[in-house]
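Q: have a look; sequence and predicted model below, questions after that.
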Amino acid sequence: MELARMRETAGSAVAGALGRGLAAGLVGTAAMTALQEVMAARRRRAAAQAAAGGNGSEPQQDPWAKAPAPAQLARLVIRGATGRDVPPDRIPLFTNAVHWGYGTSMGITYGLVQRARRGRPAVQGPLFGLGVWASSYATLVPLGLYKWPWHYKATSIAKDLSYHLVYGSGVAAGYRLAERARR
């Protein structure tokens, strides 16, 4: 009887860590998204100011060529599974779905790590974000969606890395909040 109770308690603890991890992933993704939106608004303003001096006759190109990696990944998976291409009007939907789904689900990993090894969130959060950043390159380079980091400008890498450090910090803060709410 005692062994059954221990298994139930352990299962409950893992489920709790998974739930807190999901919530933390949602918080981290929201923090990252907020930073990305602020930075995108700044870029749009700068581009609008630069375009005010031009003639506005840019050649048309394939919208998928400039689509964010999450949308391109979704397109790759859908084309592989169905053999059909995805219309470009789905780029925003797929960008958000993959971004939020991946970011939220990666919180589970953080939750499991926290269950096994506690540490200082101010350190573990950014380290986790750094790990997620590195794993994105390890995954997306072989798929042909990214180049290795050294092929990009330092400012691009710094921006991308900053997003992931904010993400990891948000995950750590979200996990701590979820732990405190549980008590």
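A: Now that the structure is in, tell me what you want to look at.
Q: if you skip the residues just before and after it, what's nearest to residue 146?
A: Nearest residue to residue 146 in three dimensions, chain neighbours excluded: residue 140, at 3.9 Å (Cβ to Cβ, 6 or more residues apart in numbering). For every residue, glycine as well, the C-beta is placed using N, CA and C.
Q: quick one: contacts for the one you found?
A: Contacts for residue 140 (Cβ atoms under 8 Å, 6 or more residues apart in numbering) come out as 69, 73, 146.
Q: just give the number of residues close to the last one.
A: By other Cβ atoms under 10 Å, 18 other residues sit near residue 146.
Q: can you give me every residue that contacts it?
A: By Cβ under 8 Å, 6+ apart, the contact set of residue 146 is 69, 136, 137, 140.
Q: against residue 71, how distant is it?
A: Going from residue 146 to residue 71 by Cβ to Cβ, to the nearest Å gives 13 Å.
Q: ok so, going back, for the contacts of residue 146, work out which two are farthest apart.
A: Spanning the widest gap among the contacts of residue 146 are 69 and 137, at 10.3 Å by Cβ to Cβ.
Q: give me the neighbour count for residue 141.
A: 14.
Q: got the phi/psi numbers for the closest residue to it other than its chain neighbours?
A: Leaving aside its sequence neighbours, residue 141 sits nearest to residue 148 (Cβ to Cβ, 6+ apart; 5.8 Å). In terms of degrees, to the nearest 10, the main-chain angles of residue 148 are phi -60, psi 150.
Q: for the strand or helix carrying residue 15, packing partners?
A: Assigned by DSSP states H and E, residue 15 belongs to helix 2-51. On a contact count with 3 or more Cβ pairs under 8 Å, 6 or more residues apart in numbering; DSSP states H and E, helix 2-51 meets helix 91-116, helix 154-182.
Q: quick check: which of those is nearest to residue 85?
A: Proximity to residue 85 (Cβ to Cβ) singles out helix 91-116 among those, at 12.3 Å.
Q: between helix 91-116 and the helix or strand bottoming out on mean pLDDT in the chain, find me the angle.
A: Least confident element among the helices and strands of the chain, by mean pLDDT, DSSP states H and E: helix 2-51 (a mean of 85). For helix 2-51 against helix 91-116, the angle by axes from the mean of the first three to the mean of the last three Cα atoms, to 10 degrees is 140 degrees.
Q: next SSE downstream of helix 2-51?
A: Sequence order places helix 69-82 as the next helix or strand after helix 2-51, per DSSP H and E.
Q: tell me the buried residues in that next one?
A: Residues 69, 70, 71, 72, 73, 74, 75 are the ones in helix 69-82 that count as buried (16 or more other Cβ atoms under 10 Å).
Q: before we move on, what about stretch 105-118?
A: Those would be 106, 107, 108, 109, 110, 111, 113, 114, for stretch 105-118 by 16+ other Cβ under 10 Å.
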